Structure formats: structure tokens, C-alpha cells
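A.B. asks: no FASTA, just this:
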């Protein structure tokens, strides 16, 4: 269910970045001038608008202990509908913040407002259900997220479709291919506040394309990232924030910026354009902004040149996140941050950080234990960092 079909030989779809009516944007859906006229027109001109709704629309309480949880009133659904935002992506790391009840209420809010949802549901079958939009030019859209354990749907468990369900994703894509002209995957993954996608993310998105999709539209980093063309296929790594602002976000650069991505689909070709947005933090509104420098096409050579700098920046971001959330000394926080990265990140990912001359990982995932953390805490930071830098895989 979408907006107007103005040209029968073309289907225009606009994709947004992250939306959460909480924290600084709590009750933002009640504001008459949340968006300036340029944004309103860009949204209304689309046949369909697909938004990452990164909070459940529910009165249910939070089901996890964290300061970084999001939810908003089901009444926000009417605002989204009025702005032509009628397809809601729910495959993200906050959709389970209020548990299964939160998902149920969000699905109901969409139904009540004549909107569609993708990426999450009362079970895995429902969460993996794609949608098909368009008249003469049909576009199939499937939504999935990184495999955060607390959001994964199952046969009898509410949640989101996650990218480790490879065979299910492949089957859904193959079924779509029989009836549509184009297939778009919306993927909620990547690393927060990083201006360049990590190598493991880049490879993961390329693998997803190899399953038969044509375009990947990404979000989760909360900052805008590059896009990459692979033959006639496209990966847009991150659209940044649209209506999303928190105290934590304001500690990191460029989190006020976002991209509205417009794609015109024809039978055999597609073209895309964009509108840059910016959060006005004085008025808690969203205005048309300048296109971020990072939002440009990237190829293999570009990535190879950029990665060493991005690896260092990634480590600094992770360290800052830990400094903001851990009540420990700076020394202990630095070392625990390193331990955390090694313990929670893929082995492959840490090898790529080594190539950026930051650190290496000779320890398989999930093998860092309390003793290692204690060893980190009891040693000089320079010694541990030196060891991590010098170890070769």
C-alpha cells in the first residue's frame, strides 16, 4: 500500500535513515513543522516511502535494562502516514526493546493507519515476508538485520529476520525474482559512528547481493557512509539519521546528518538521486542540509586507500563509547575496550583491523575470558597495545 502512481512505466521509491520518536524527538510527531518544506515535497513526490522505524510504537514498558532503549506512542503512526511514510522497516536492533508486545502493538499501529511493515513479525515466517510494490514496474523489498541475539525471530518467537538465516533469505529472493523486476534488500547492520563500512560488512553485503538482490540500502551506523556500484548493482552502506537524536549521539560527529535516497525504477534500468537532511538541534526539527562529503561513489581502490585511516577511527569511536558507558579508570577502560573488540567481533574483522595497523586477533571469537580481562587490567596499556600491534596472523 503506497502513495500515488504518477508514471505507469516507472516506480519511485524513497528510503530514509533512522527514525525514533524518543529522547530529543519525543513527541516530535506532534510538531507541525518537524520537517521543512523541501523534505515534505521530496517525501510526497514518491510513489512509496520506506523508513527505518527504529522504535516500537507501543505503550508497553521496556523489556531490557539499558539507557539506550527507544519507544514511542502508537499515535505516531498517523504522523508517518500523513507524511507518506507508509512502509515501515522493523528489522533493527531496537524493535524488541519492549518485547513481543511492542512488536504486536507496532504491527497493529501500521494496520490501523493503512501502512505496511517489513522485517519483523510475530514469528520468523511473518518477519521474512517481503512486500511487492509498483504497477507496471514491480519492486520486491525484503528487510533483515545483523544477528543480534535478542531480536532474532524464530518459528514461535516474535522478532526480526536476521542475516544468518541465509537459506531463508535465498528462498525469499528466488520467489520474488519470479514476479518482480527489481529486488531491494534493506539491511540494518554496520558499525555505529564509523564513516566507512568495515571490511566484514562490505563482504557481507556483497554476499547478500550474490543471493540475487539488485540493491542494498543500509542503516544503523547513525552516520552517512559511501555507496558502491557493482556492475548493475548498488550498495548504499548507510543513510545516517533522519529523525533520531540522543545524548549519546551528540557525543559523535556527523550524527545530525542523513540522506533521503530516491530511486526511480524502470523495467531495465534504475536511477537514483538524493536529498541531504540535517537535524536542527536548537529547534529539534529536520531541515534540508548539505550533502556530506562521504556520500560519494567508492570502488575497490578507494576502499583500500581509506581503510587504514578508518580502522584507526573505528578504534577511537569504540574507545569513546566505552569511556561514556563504563565507570572505570581510563587505563582499565582502554584495555577492556580492546578485550571487548576481540571477544565480540569476528576473527576476520580483527584481521582486517591488523591490516590497518591497529591490532590483531590471534584469539578465536568468544575465547576472551575473565582471566584475559584481568591480565589486561593488570598490565600497562602500552604493553598490551604493543603486543596486539606486533602479533601477526
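C.D. replies: Received, thanks. Predicted, not measured: the structure shown is a model, and the values here were computed from it.
A.B. asks: report the next helix or strand after the helix or strand harbouring residue 175 in sequence order.
C.D. replies: Taking DSSP states H and E as the criterion, residue 175 maps to helix 166-177. Per DSSP H and E, the first helix or strand lying C-terminal to helix 166-177 is strand 182-188.
A.B. asks: helices or strands up against that following strand?
C.D. replies: Using 3 or more C-beta pairs under 8 Å, 6 or more residues apart in numbering; DSSP states H and E as the contact test, the elements touching strand 182-188 are strand 48-53, strand 139-145, helix 166-177, helix 199-210, strand 215-219. Backbone N, C-alpha and C define where each C-beta goes, glycine included.
A.B. asks: what's the helix holding residue 175 packed up against?
C.D. replies: Helix 166-177 sits against strand 139-145, strand 182-188, with contacts defined as 3+ C-beta pairs under 8 Å, 6+ apart.
A.B. asks: please tabulate those strands in TSV, including the columns mean neighbour count.
C.D. replies: Listed next are the helices and strands packed on helix 166-177 as TSV, based on neighbours: other C-beta atoms under 10 Å:
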stretch	mean neighbour count
strand 139-145	26
strand 182-188	26
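A.B. asks: what is the end-to-end distance of stretch 40-51?
C.D. replies: 14 Å (C-alpha to C-alpha, to the nearest Å).
A.B. asks: buried ones in that stretch, by neighbour count?
C.D. replies: Using 16 or more other C-beta atoms under 10 Å as the test for burial, stretch 40-51 gives 42, 43, 46, 47, 48, 49, 50, 51.
A.B. asks: any chance you could map the helices in the chain?
C.D. replies: Using DSSP state H, the helices of the chain run over residues 37-44, 76-82, 99-112, 124-127, 166-177, 199-210, 300-325, 330-344, 347-355, 370-378, 381-390.
A.B. asks: quick check: mean pLDDT of stretch 92-100?
C.D. replies: Average pLDDT, stretch 92-100: 94.
A.B. asks: what's the span of that stretch from first residue to last?
C.D. replies: The straight-line separation of the ends of stretch 92-100 (C-alpha to C-alpha) is 14 Å.
A.B. asks: doesn't residue 160 make contact with residue 120?
C.D. replies: Yes - using C-beta atoms under 8 Å, residue 120 is in contact with residue 160, at 4.4 Å.
A.B. asks: any common contacting residues for these two?
C.D. replies: When C-beta atoms under 8 Å, 6 or more residues apart in numbering defines a contact, the residues bordering residue 120 and residue 160 alike are 90, 91, 95, 127, 151, 153.
A.B. asks: and those, which of them are in strands?
C.D. replies: Counting by DSSP state E, no part of the shared contacts of residue 120 and residue 160 is found in strands.
A.B. asks: with neighbour count and distance to residue 317 added, can I get the residues you listed in a markdown table?
C.D. replies: Output for the shared contacts of residue 120 and residue 160, formatted as a markdown table (neighbours: other C-beta atoms under 10 Å; distance: C-beta to C-beta, whole Å):
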| residue | neighbour count | distance to residue 317 |
| --- | --- | --- |
| 90 | 31 | 26 |
| 91 | 29 | 24 |
| 95 | 29 | 24 |
| 127 | 31 | 30 |
| 151 | 26 | 22 |
| 153 | 26 | 30 |
